[in-house]
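> Requesting a structural model of the entry that follows:
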Amino acid sequence: MTTKTKLYLGAAVIAVALAGSVSGLASQQAPAVAIDNDDIGGVVTGANGPEAGVWVIAETTDLPTRYAKMVVTDDQGRYLVPDLPKAKYKVWVRGYGLVDSPKVETEPGKQLNLKAVPAPNEAEAAKYYPAIYWYSMLKIPDASQFGKKEGEIPEKVKQTDWLNLMKNNGCVGCHQLGQLSTRTLPPGLGEYANHAEAWMRRIQAGQSGALMVNIVAGQLAGAPIKYFADWTQRVAKGELPKTKPTRPQGLERNIVVTTWDWGNPKKYLHDLIASDRRYPTVNAYGPVFGSPEYSTDVIPILDPKTHTVTDFKAPVRDADTPEGLGPGHAAMDKPLGPSPYWGEEKLYDTKVNNHNSMFDKKGRVWLAAAVRGPHNPDFCKKGSDHPSAKLFPLEETHRALTILDPKTMKYTFVDTCFQTHHLQFAYDANDTLWTSSGGGGGVVGWVNTKLFDETGDAAKSQGWTALILDTNGNGKRDDYVEPNQPVDPTKDKRIAQVFYAVMPSPVDGSIWGTLRASPGSIVRLDPGSNPPQTALAEIYNVPLPGFGPRGGDIDSQGVVWVSLASDTSAASTGASAKVRSTDPRRPAIIVRRAGRSTSIRGRASTASARTAPSRATTAGSTSTTRSGSARTCRCRRPTSWTGWSRSRTAR
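Numbering: from 1, shown residues only. This is a model prediction of the structure:
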C-alpha cells in the first residue's frame, strides 16, 4: 500500500498510524480485508469469534537487519500490516488473555487468517503482562516506618523520597523492573542462601553496580533489600499481579509498531534522533542516529529505507582523553561485581560518552559528547575575560558538544566550558542550542550556532549562567547569596541544582527545565538581553501528591509537560494563570511574580503499555536488542528503533 505521509521521530519506540475511525466500521459486517501487494491482512478469530484488540506480529530476518511490524485488530478481528518490504515473514498473534499462536510463514500481498490461542491458565496469561504490572507487586513501607530515629530507614528519608528512588529517578530510570529477568533470579547469580542475599549480589553486578549500591545501601541504608527479596519470593511461589491489563481500545488500535535491530547485546542505547522538532521535514526518510552513552564510542546509524545499519566511531580531539567512566559518572571503569550474564567482563569503554543528540535545520547532528579530558581551558576559568567566566568560572566538564554532518561524515568539535546532557534548539534567529547538565554542574549553557558557523570560534559562541532567583523582587538580577546561605532581602539567591530536561519555549523565548528531586521543581529561565548578566529564574515546586520530575517537554502553546515518579504528570505555563489540566480534583498552585501568574497542576497519568506489545520476540525473552514498548523517561534504551507513521490498519 502507499502511505501518504510518514514522519520518523527519534522519541519512544513506537510507530503510530492514525487512519481515521476503525470503530465506525466495527458495527458493520466485516468484509474481506483489502490489501496491496506490500501488505498482509486478514481476520483473527478465537473460540468465541473475532478477537478484538490483539496484536498481529510480522517478523523477518531476510533483510540486512531483523525487522518486524505489529498492528492491532479492530472490533471484527480484522488486521492489516502495511508497507512491508519484500521478504518472507513469520506472522503470529499475541494478546492479553492469550499465549502466542503458532508462527505462520507468508509473504506480502497475501491474505492470512489467524487463530488466537487462549492462555491455559492465569499464570501463562500473566507472562505477557507489561513489566509495570509485575513491579506494582513490590511492597512499599508504610508511612509509619518513616521518620524514626531508630528505624531501618534513615530518619530524614520520606516515603515520597523512597518512591522517587524506586521509580523514575532511581531504579526504573535505567531498568525495566518487572520483566522476566528482574522479577526472577537468573541462574547466573550463582548460589545464595536466600532472596535477600541474591539481591545484595544482584545490585553489585556490572559497571553500574556502584550506582545501584549507592541508592539501595547508601541513601536508603539497605532497607529496600528485604522488600525486593519479598517480591521475588512471592513471584517464585506463583503470586500474580492483582490487576490485569486491558486490551487496546479506540485509537490505540490504530497504532503500527515497526522495529529494526541495530545494536549489540553487550552495549545499550540511551537515545536516538531522526529530525529537527522545529522543522520536522528535515532528514525525512533519512538515517536515524543512536546515542550509546557510557557503553561505547560506536554510534549506530539506521537507514529505515534500506534496513541497513552502519557504525560510526566517534573520535575525541585530544589523544590523552580518559574514558568517560569512574568517579563522577554513572558507570565505573570496571564491574563492581560479576554480572549474571557477562561475568567479570568489562562491557563499557567509552571516551565520547554521547548522551543525547539533536538535528539542526541544516540536517546536521549535534551531540552531547566529550571533546577532551575534564580540565577546562583557561577561557573558562577565574581570571578570564569571557563574559560568562567573569560571573561564574568553571574548572571542568566531562561532556561538551560535537557536530556530525551525515552528508560528509565530517565530525566537528565544539569545546564548551559547561557540562552537557540534553540538547534543544531554540526558536530564535541565532538557532541557539540550549543544554542541560543533567542536574549537576551549576549552570545552564548555550551555543549561538549561527555565530559558530560564521566564525568557528567556540569560545566566542558560547555562554552560560547560574540559576538566580529574584528573591529581592526588584525585577532585575543583582548580587546573590549562595544556596547554603540564608535569604538576604537586599540580594537574589542562587539555585544549587540545575536542569535535567531543557525546553526552549516557542512562545516567549524562555527556557524551562526540570530539577530532579523529591518533590522536585520546574524552573523557568528568562535569558534577558544579555543572558550571563540578565538571566533570572523562577522556580515552581511540584505540588503533592506529585513528586519526582525527570523528563519534560514543551508544546506549541508554551505549556510544559513533565513526567513524575508519582504516577502523575504536570503541566505548567508561564504565559497566563490558566490551569492546564483535565483533572478538576487536583488543586493548582499559582505563583505570581511581577504580575505574571504561573500554574502547575497535576493530572492523572494516561501512560500505559497497552498500545504496543511488551516485546516482539519470544515471550519471556531478556533480550536488550528489541522492544516495542514506549517509555516516558529512560536511561538505557533498547537497541532497536521504530518510527511514527500515518497509515491505516484496515479498510
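
> Residues contacting the helix ranked longest in the chain, please?
Longest helix of the chain, by residue count under DSSP state H: helix 224-236. Helix 224-236 is contacted from outside by 134, 137-141, 162, 166, 183-185, 194-196, 198-200, 216, using CB atoms under 8 Å, 6 or more residues apart in numbering. From N, CA and C alone the C-beta is placed, and that goes for glycine too.

> out of those residues, which are buried?
134, 137-138, 141, 162, 166, 183, 185, 195-196, 198-200, 216 (16 or more other CB atoms under 10 Å).

> Dump those into JSON lines; add distance to E107 and secondary structure as well.
Formatted as JSON lines, the buried ones among the contacts of helix 224-236 follow (distance: CB to CB, whole Å; DSSP: H, G, I helix; E, B strand; the rest coil):
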{"residue": "W134", "distance to E107": "37", "secondary structure": "helix"}
{"residue": "M137", "distance to E107": "43", "secondary structure": "coil"}
{"residue": "L138", "distance to E107": "45", "secondary structure": "coil"}
{"residue": "P141", "distance to E107": "55", "secondary structure": "coil"}
{"residue": "W162", "distance to E107": "53", "secondary structure": "helix"}
{"residue": "M166", "distance to E107": "47", "secondary structure": "helix"}
{"residue": "R183", "distance to E107": "38", "secondary structure": "helix"}
{"residue": "L185", "distance to E107": "42", "secondary structure": "coil"}
{"residue": "H195", "distance to E107": "48", "secondary structure": "helix"}
{"residue": "A196", "distance to E107": "53", "secondary structure": "helix"}
{"residue": "A198", "distance to E107": "47", "secondary structure": "helix"}
{"residue": "W199", "distance to E107": "48", "secondary structure": "helix"}
{"residue": "M200", "distance to E107": "52", "secondary structure": "helix"}
{"residue": "V216", "distance to E107": "51", "secondary structure": "helix"}
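
> R278: which of those is nearest?
M166 (36.3 Å; CB to CB).

> my guess is that closest one meets S136, correct?
No. Checked against CB atoms under 8 Å, the pair M166 and S136 is beyond contact range at 11.1 Å.

> any common contacting residues for these two?
Shared contacts of M166 and S136 (CB under 8 Å, 6+ apart): none.

> average pLDDT for stretch 468-483?
The pLDDT scores in stretch 468-483 average 96.

> tell me how far it is from the chain's mean position?
In terms of CA atoms, centre = their mean, to the nearest Å, the centre of stretch 468-483 is set 34 Å apart from its chain centre.

> I'd like the C-alpha coordinates of it written as CSV, please.
Output of stretch 468-483 as CSV, limited to C-alpha atoms (Å, rounded to 0.1, in the frame of the first residue of the first chain):
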residue,chain,number,x,y,z
ILE,A,468,19.4,33.1,40.0
LEU,A,469,16.1,33.8,41.8
ASP,A,470,14.9,37.3,42.1
THR,A,471,14.3,37.0,45.8
ASN,A,472,14.5,40.7,46.5
GLY,A,473,11.7,41.2,44.0
ASN,A,474,13.1,44.2,42.1
GLY,A,475,12.7,42.6,38.7
LYS,A,476,16.4,42.5,37.8
ARG,A,477,19.5,40.4,38.5
ASP,A,478,21.6,41.6,41.4
ASP,A,479,24.4,40.2,43.7
TYR,A,480,23.2,36.9,45.2
VAL,A,481,23.6,34.7,48.1
GLU,A,482,24.7,31.0,47.7
PRO,A,483,22.3,28.1,48.0
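
> A210 in helix, strand or coil?
helix (DSSP: H, G, I helix; E, B strand; the rest coil).

> Run a quick neighbour tally on it.
A210 has 20 neighbours, counted by other CB atoms under 10 Å.

> So it is in contact with M332, correct?
Yes. Using CB under 8 Å, A210 is in contact with M332, at 5.2 Å.

> which residues of the stretch 551-651 of the chain score low on pLDDT?
The model of the stretch 551-651 of the chain has pLDDT under 70 over residues 567-651.

> Helices of the stretch 101-250 of the chain, residue ranges please.
122-126, 131-135, 159-166, 180-183, 195-202, 209-213, 224-236 (DSSP state H, counting those that start in this stretch).

> Need those helices in JSON lines (columns: distance to L544 and mean pLDDT).
Below are those laid out as JSON lines (distance: least, CB to CB, whole Å; pLDDT from 0 to 100):
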{"stretch": "helix 122-126", "distance to L544": "33", "mean pLDDT": "98"}
{"stretch": "helix 131-135", "distance to L544": "22", "mean pLDDT": "97"}
{"stretch": "helix 159-166", "distance to L544": "7", "mean pLDDT": "94"}
{"stretch": "helix 180-183", "distance to L544": "29", "mean pLDDT": "96"}
{"stretch": "helix 195-202", "distance to L544": "30", "mean pLDDT": "97"}
{"stretch": "helix 209-213", "distance to L544": "27", "mean pLDDT": "95"}
{"stretch": "helix 224-236", "distance to L544": "22", "mean pLDDT": "98"}
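
> right, so of those helices, which gets closest to V559?
Comparing the helices of the stretch 101-250 of the chain under CB to CB, the one sitting nearest is helix 159-166, at 23.9 Å.

> so W366 sits in a helix?
No. According to three-state DSSP, W366 belongs to no helix; its state is strand.

> And stretch 118-129, end to end?
Length of stretch 118-129, first residue to last, CA to CA, to the nearest Å: 14 Å.

> for stretch 389-398, same thing?
17 Å.

> got a list of contacts for that stretch?
Contacts of stretch 389-398 (CB under 8 Å, 6+ apart): 324, 328-329, 353, 370, 374-376, 379-384, 416-420, 441-443, 464-466, 532-533.

> out of the residues you listed, which are buried?
By 16+ other CB under 10 Å, the contacts of stretch 389-398 give 324, 329, 353, 370, 376, 379-381, 384, 416-420, 441-443, 464-466, 532 as buried.

> which ones are touching the nearest residue to L163 once chain neighbours are set aside?
Spatial nearest neighbour of L163, chain neighbours left out: A565 (6.1 Å); criterion: CB to CB, 6 or more residues apart in numbering. Contacts of A565 were listed using CB under 8 Å, 6+ apart, and they are 163-164, 167-169, 518, 547-550.

> Equivalent analysis for L325, please.
207, 294, 331-333, 348-350.

> Below-threshold pLDDT in the chain: ranges please.
For the chain, the stretches with pLDDT under 70 are 1-31, 567-651.

> Try it again at 80.
Along the chain, the parts satisfying pLDDT under 80 run over 1-31, 440-441, 567-651.

> before we move on, the earlier item: redo the helices of the stretch 101-250 of the chain as CSV? Include distance to N430.
Listed next are the helices of the stretch 101-250 of the chain as CSV, based on distance: least, CB to CB, whole Å:
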stretch, distance to N430
helix 122-126, 54
helix 131-135, 42
helix 159-166, 37
helix 180-183, 46
helix 195-202, 49
helix 209-213, 37
helix 224-236, 47
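
> Of all these, which one is nearest T471?
Between the helices of the stretch 101-250 of the chain, helix 159-166 lies closest to T471; by CB to CB that is 25.9 Å.

> Pull the distance from the closest one to the chain's centre.
On CA atoms, centre = their mean, the centre of helix 159-166 falls 19 Å from that of its chain.

> which residues make contact with it from outside it?
With CB under 8 Å, 6+ apart, helix 159-166 has contacts from 138, 140-141, 143, 146, 153, 170-172, 215, 219-220, 224, 517-520, 544, 547-548, 565-566.

> can you give me the end-to-end distance of stretch 193-211?
24 Å.

> try stretch 173-192
27 Å.

> for that stretch, the distance to its chain's centre please.
That offset, for stretch 173-192, works out to 21 Å (CA atoms, centre = their mean).

> buried ones in that stretch?
Buried residues in stretch 173-192, counted by 16+ other CB under 10 Å: 173-183, 185-186, 189.

> rewinding a little: G250 is nearest to which of the helices of the stretch 101-250 of the chain?
Of the helices of the stretch 101-250 of the chain, nearest to G250 by CB to CB is helix 131-135, at 20.8 Å.

> And the closest one, what does it pack against?
Helix 131-135 makes packing contacts with helix 180-183 when contacts are defined by 3 or more CB pairs under 8 Å, 6 or more residues apart in numbering; DSSP states H and E.
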